[in-house]
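# Build the 3D model from these lines:
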Amino acid sequence: MNKRRILSRVLLAAATAALIFRGAFLLYFGDFYHEAQKAFPVPGLSSDFVPQGLESFGDGFLISGYLSRSGRARMYHMDALGGVSSLELYREDGTPLRCHAGGVAAVGDFVYLVGGGKCYVFSAEEIKEWDRTSVSALGSFSTGNRASFCCIWNDALVVGEYANGERYPTAESHHLMTPSGEENPALGTVFPLDEDAPLGVEEEPGAVLSLPDRVQGLCLTHDGRMVLSTSGALGVSKLYLYDRSQVEKDIGHTYTWSTGEELPVYFFDSAALTDTLYLPPQTEETTCRGGMLYVLFESASYRYQYGKLVGTDSVYRMPLPDWEPETEDESLLF
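As a prediction, the model looks like this:
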């Protein structure tokens, strides 16, 4: 058998395997693909960009992530008409920012990007400038955890961490027993917004959150729920939906911060859980807009590639299951 025929058979076998994988994958996650729609392509996937963070920003969106070869952080700004701006990120001293860039959140004059135990703060006005190709942080501060994702919750910036067994361990003090009897291994830190502060936020937390494992993102919905996006390198992703009013109940638990201050603790546990949705692997951050949930995946990045076979090279938007809150009173903790 000549080499050309062997090569043809190998290529045919590979193509057949890819088709079988794609068909089985789309069938297994049929509910998701039936309910969700592609919103827009994830930029940067033709290079070694690994998407991590997603945020609604003006009439468009921000996506943060890192370059797998160099570890440098990058941010993309997309407008409603499909325009895309690519921004290389720098520390406040002008050196390249190298971090996981796991989450991005925006409020007022500031954009917050987290990774490697720190929060980096950028000017929202500078990020809006379409002729820019880079932006330097205005400043940064330590978050007291691994700083894997972030969001704006009420009048605070929340920074959460990813925990996954021995591969991604967290500090032992971050492992808390919930009122429902579950052990949560991750900690979220809650930094109150402060318009008079140089970075728009107090740099010491006012509360902490007790979070389950494998959390990649947190967002608030329009109808009083909170969504935790959870995933790992393999296996089904899960979106956990929580009754915000139940999470925000102050039940008297406290956490001793490094300064010795006792901070209130708020728990994500089964008592507050309202629904669980099953999605394709490797979900990252989510954000809500116009009553729809937008979901980012990393599976089509240079590191993994297979997402390009199954359509996860786009951000998806999807409706959430109907839900009636027990109370119409909206609590504002922070």
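# residue ranges of the strands in the stretch 151-300 of the chain, please?
156-160, 176-177, 183-184, 186-192, 207-211, 215-220, 225-230, 237-243, 254-256, 262-267, 273-279, 283-289, 292-297 (DSSP state E, counting those that start in this stretch).
# pLDDT score assigned to Arg98?
Residue-level confidence at Arg98 comes out at 97, pLDDT.
# And for it, the neighbour number?
16 (other CB atoms under 10 Å). All C-beta atoms are positioned from the backbone trio N, CA, C, and that covers glycine.
# where's it relative to Arg132, distance?
Distance, Arg98 to Arg132, using CB to CB, to the nearest Å: 20 Å.
# same thing with Ser86?
From Ser86 to Arg132 the distance is 9 Å (CB to CB).
# ok so, going back, pick the most deeply packed of the strands of the stretch 151-300 of the chain.
Stretch with highest mean neighbour count among the strands of the stretch 151-300 of the chain: strand 156-160 (a mean of 27; mean count of other CB atoms under 10 Å).
# which other helices and strands contact the helix or strand hosting Lys308?
In this structure, Lys308 is located in helix 307-310 according to DSSP states H and E. With contacts defined as 3 or more CB pairs under 8 Å, 6 or more residues apart in numbering; DSSP states H and E, the packing partners of helix 307-310 are helix 3-28.
# what about the next helix or strand after the helix it packs on, distance to the chain center?
Sequence-wise, the next helix or strand downstream of helix 3-28 (DSSP H and E) is helix 30-35. Taking CA atoms, centre = their mean, to the nearest Å, one finds helix 30-35 lying 21 Å from the centre of the chain it belongs to.
# could I get helix 30-35 in CSV with only the CA atoms?
In CSV, the C-alpha atoms belonging to helix 30-35 read as follows (Å, rounded to 0.1, in the frame of the first residue of the first chain):
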residue,chain,number,x,y,z
GLY,A,30,-29.7,19.1,22.2
ASP,A,31,-31.7,21.0,24.8
PHE,A,32,-29.0,23.8,25.0
TYR,A,33,-28.7,24.1,21.2
HIS,A,34,-32.5,24.2,20.9
GLU,A,35,-32.9,27.0,23.5
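# helices or strands up against it?
By 3+ CB pairs under 8 Å, 6+ apart, helix 30-35 packs against strand 273-279, strand 314-318.
# which other residues reach it?
Helix 30-35 has contacts (CB atoms under 8 Å, 6 or more residues apart in numbering) with Leu26, Leu277, Tyr278, Leu279, Pro280, Gly311, Tyr316, Met318, Pro319.
# buried set for that helix?
Phe32, Tyr33 (16 or more other CB atoms under 10 Å).
# just checking, next helix/strand downstream of it?
Per DSSP H and E, the helix or strand that comes after helix 30-35 is strand 37-41.
# pretty sure Ser46 is in a helix, no?
No - assessed with DSSP: H, G, I helix; E, B strand; the rest coil, Ser46 is coil; it does not lie in a helix.
# By average pLDDT, which secondary structure element in this protein comes out worst?
helix 3-28 (a mean of 68; mean pLDDT, DSSP states H and E).
# before we move on, back to that, want to throw the strands of the stretch 151-300 of the chain into JSON lines with mean pLDDT and distance to Ser140?
Converted to JSON lines, the strands of the stretch 151-300 of the chain look like this (pLDDT from 0 to 100; distance: least, CB to CB, whole Å):
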{"stretch": "strand 156-160", "mean pLDDT": "98", "distance to Ser140": "12"}
{"stretch": "strand 176-177", "mean pLDDT": "97", "distance to Ser140": "27"}
{"stretch": "strand 183-184", "mean pLDDT": "98", "distance to Ser140": "27"}
{"stretch": "strand 186-192", "mean pLDDT": "98", "distance to Ser140": "13"}
{"stretch": "strand 207-211", "mean pLDDT": "98", "distance to Ser140": "20"}
{"stretch": "strand 215-220", "mean pLDDT": "97", "distance to Ser140": "21"}
{"stretch": "strand 225-230", "mean pLDDT": "98", "distance to Ser140": "25"}
{"stretch": "strand 237-243", "mean pLDDT": "97", "distance to Ser140": "30"}
{"stretch": "strand 254-256", "mean pLDDT": "96", "distance to Ser140": "23"}
{"stretch": "strand 262-267", "mean pLDDT": "97", "distance to Ser140": "21"}
{"stretch": "strand 273-279", "mean pLDDT": "97", "distance to Ser140": "32"}
{"stretch": "strand 283-289", "mean pLDDT": "97", "distance to Ser140": "20"}
{"stretch": "strand 292-297", "mean pLDDT": "98", "distance to Ser140": "23"}
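# between these, which one is nearest to Leu81?
strand 283-289 (16.1 Å; CB to CB).
# name the helices or strands packed onto that closest one?
strand 49-57, strand 215-220, strand 225-230, strand 237-243, strand 292-297.
# Need those in JSON lines (columns: distance to Glu182).
Formatted as JSON lines, these follow (distance: least, CB to CB, whole Å):
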{"stretch": "strand 49-57", "distance to Glu182": "26"}
{"stretch": "strand 215-220", "distance to Glu182": "14"}
{"stretch": "strand 225-230", "distance to Glu182": "13"}
{"stretch": "strand 237-243", "distance to Glu182": "12"}
{"stretch": "strand 292-297", "distance to Glu182": "24"}
